[in-house]
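1. quick one: sequence plus predicted model below, questions after.
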Amino acid sequence: MPVESGSGAAARQAKQKRKSHSLSIRRTNSTEQDRAGLQRDMLESQDSKLPLSLRTNLLDLFGQIEREFENLYIENIELRREIDTLNERLAGEGQAIDGGDLTKGALKAKASHSTSQLSQKLKTTYKASTSKIVSSFKATTSRAVCQLVKEYAGHRDGIWDLSIARVQPVILGTASADHTAMLWSIETGKCLLKYVGHAGSVNSIKFHPTEQMVLTGTRCSKETPPFCLCYRIRGTDGPIWSLQLPAPQPVTDINQAPCDEDVDFSDKDEGEGEGEGSSECPTLRVACTTLKSHQGVVIAADWLVGGKQVVTASWDRAANLYDVETSELVHTLTGHDQELTHCCTHPTQRLVVTSSRDTTFRLWDFRDPSIHSVNVFQGHTDTVTSAVFTVGDNVVSGSDDRTVKVWDLKNMRSPIATIRTDSAINRVSVSVSHRIIALPHDNRQVRLFDMSGVRLARLPRSNRQGHRRMVCCTAWSEDNPTCNLFSCGFDRQAIGWNINIPALLQEK
């Protein structure tokens, strides 16, 4: 029988390898098709008692496990084929497998080395895969420390912003695209007061640090006649309103408010739709103070420490500093190249941070009246949606580039922590006492991280609880025993959550 040459054997082995590789590709494609069909069948099945989101998550996890083991199986076959090729090459060179001890020892060493490599590779891949799966389930189990307590429903359109009163009585304020701002009882979930004087979307709401005052930022409708309550003067697109609020409890005390002649106790405003909290909620129509100078939409506003001045951020690329008592413009803060998205003031110092679509945020220092120093920070690659101060010397910035960065004011050259997520981040908030960051996302998620960037939990989200559309903003209420975190979004509701902080930090 003729002996096959070495080149012929190599060609035969290459042909077999290509054939095996082609079969594995076809098998993988077929498996993917089968898996997709199985997922469709399971998702369309009505027999399962599990929520759709949970079933989808489980299918993804089991799909990852199956793919990992398929890859390991293929790699195992390839390594065994290499061992067989080595045996054939040694036999072709005249080193009989059944020959001397030297040949046996060499072959055994080769096989042992290949086997150890395979074993190490299996261990490494399996460890990475299982750690990924375990971390996914760990994030799910951490939901036990986050409980939905109260839903605040009554707005007829998405809620852009919310705020918690800093003085007694502690109430919740919401700003909505339905042209209204509402004040809510945190405990009962009922609307205490509705402000209906805006002629456009209400984009921001902030409570006064020491008095019962609330500041809202809005845009006005260009079709509204000048004589209507839109405060649209000389083409100004977005006035700021400062409302004097009555004590929310009991509701009858509203008669003693400074603007009591503007409070309407009618059962339902003309033209309004039905909704929870709208039929029994008194309305306030006229603001006590109007601050105007912007030529574009006012997207955010906040009080400076002391409560005598406010800062506003607008789509006209400028931030304005106003004196509340005189309603006069004190300073115009210019420098951003595109529309502003947010502004925030330091809780104890005369510092302001503004964020913009130009991918930067700026720090403004008003501690010295004669010097207004500006620092520009370029740590993001997309719109900076918000930048907020924390107690101490830190700033937390969130962006549409799906990252959150923690900065040290003493050295702002680079962030001290970076959090990477799978969705754009909206207006973030930081717990003062526990230094926990709450991230609202476009994908309906709300995630909690510590200041070092370690993920702590994800708030529940299902068809029965949680947000059903984009989450726009979060706010912490440090001393409330019932709800210590609030969120709002474009599903027209705000939600109060009870976050078990000790359990959360213990899981960390």
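-> Sure thing, it's come through.
2. next one: residue 422 from residue 337, what distance?
-> Using CB to CB, to the nearest Å, residue 422 is found at 28 Å from residue 337. Heads up, the C-betas are built off the backbone N, CA and C, glycines and all.
3. got it, and residue 373?
-> On the measure of CB to CB, residue 373 and residue 337 end up 19 Å apart.
4. please apply the same query to residue 413.
-> 21 Å.
5. also residue 78?
-> Applying CB to CB, the value for residue 78 to residue 337 is 54 Å.
6. who has more neighbours out of these two?
-> For residue 78 versus residue 337, neighbours defined as other CB atoms under 10 Å are more numerous around residue 78 (14 against 10).
7. give the other helices and strands that the helix or strand harbouring the more buried one contacts.
-> Using DSSP states H and E, residue 78 sits in helix 52-92. Using 3 or more CB pairs under 8 Å, 6 or more residues apart in numbering; DSSP states H and E, the elements in contact with helix 52-92 are helix 6-44, helix 101-141.
8. wait, residue 180 sits on residue 155?
-> Yes. With contacts counted by CB atoms under 8 Å, residue 180 reaches residue 155, the gap being 6.9 Å.
9. so what sits against both of these two?
-> By CB atoms under 8 Å, 6 or more residues apart in numbering, residue 180 and residue 155 have no common neighbours.
10. and residue 52, how many neighbours does it have?
-> 11.
11. likewise residue 168?
-> By the measure other CB under 10 Å, the count of residues near residue 168 is 8.
12. so how far is residue 431 from it?
-> The value you get for residue 168 to residue 431, if CB to CB is used, is 20 Å.
13. residue 212 too?
-> 24 Å.
14. ok, residue 388 next?
-> 11 Å.
15. domain map for this structure?
-> Following automatic domain parsing, the chain resolves into domains at 6-144, 160-334, 349-418, 421-508.
16. which stretch in the ones you listed is the model least sure about?
-> Note on those: lowest mean pLDDT is at domain 6-144, with a mean of 61.
17. the closest residue to residue 479 other than its chain neighbours: neighbour count?
-> In space, and not counting its chain neighbours, residue 479 is closest to residue 170: 7.8 Å by CB to CB, 6 or more residues apart in numbering. By other CB under 10 Å, 16 other residues sit near residue 170.
18. wait, doesn't residue 170 sit right on residue 477?
-> Yes. Look at residue 170 against residue 477 with CB under 8 Å: they come within range, at 6.9 Å.
19. mind jotting down where the strands sit in the stretch 401-508 of the chain?
-> In the stretch 401-508 of the chain, the strands defined using DSSP state E, counting those that start in this stretch lie at 403-408, 417-420, 429-430, 436-440, 446-450, 455-458, 471-476, 485-489, 493-499.
20. I'd like those as TSV, with mean neighbour count appended.
-> Below are these laid out as TSV (neighbours: other CB atoms under 10 Å):
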stretch	mean neighbour count
strand 403-408	21
strand 417-420	16
strand 429-430	23
strand 436-440	25
strand 446-450	22
strand 455-458	21
strand 471-476	24
strand 485-489	26
strand 493-499	22
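21. dump the host helix or strand of residue 301 to PDB, keeping only the CA atoms.
-> Using DSSP H and E, residue 301 falls within strand 298-303. The C-alpha trace of strand 298-303 is given here as PDB (Å, rounded to 0.1, in the frame of the first residue of the first chain):
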ATOM      1  CA  VAL A 298     -35.900  78.500  30.900                       C
ATOM      2  CA  ILE A 299     -34.800  74.900  31.500                       C
ATOM      3  CA  ALA A 300     -33.700  75.100  35.200                       C
ATOM      4  CA  ALA A 301     -33.600  77.400  38.200                       C
ATOM      5  CA  ASP A 302     -32.200  77.300  41.700                       C
ATOM      6  CA  TRP A 303     -31.800  79.400  44.800                       C
END
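22. show me what that strand is packed up against.
-> By 3+ CB pairs under 8 Å, 6+ apart, strand 298-303 packs against strand 202-207, strand 213-218, strand 309-314, strand 340-345.
23. now that strand against strand 340-345, angle please.
-> Interaxial angle, strand 298-303 versus strand 340-345 (axes from the mean of the first three to the mean of the last three CA atoms, to 10 degrees): 0 degrees.
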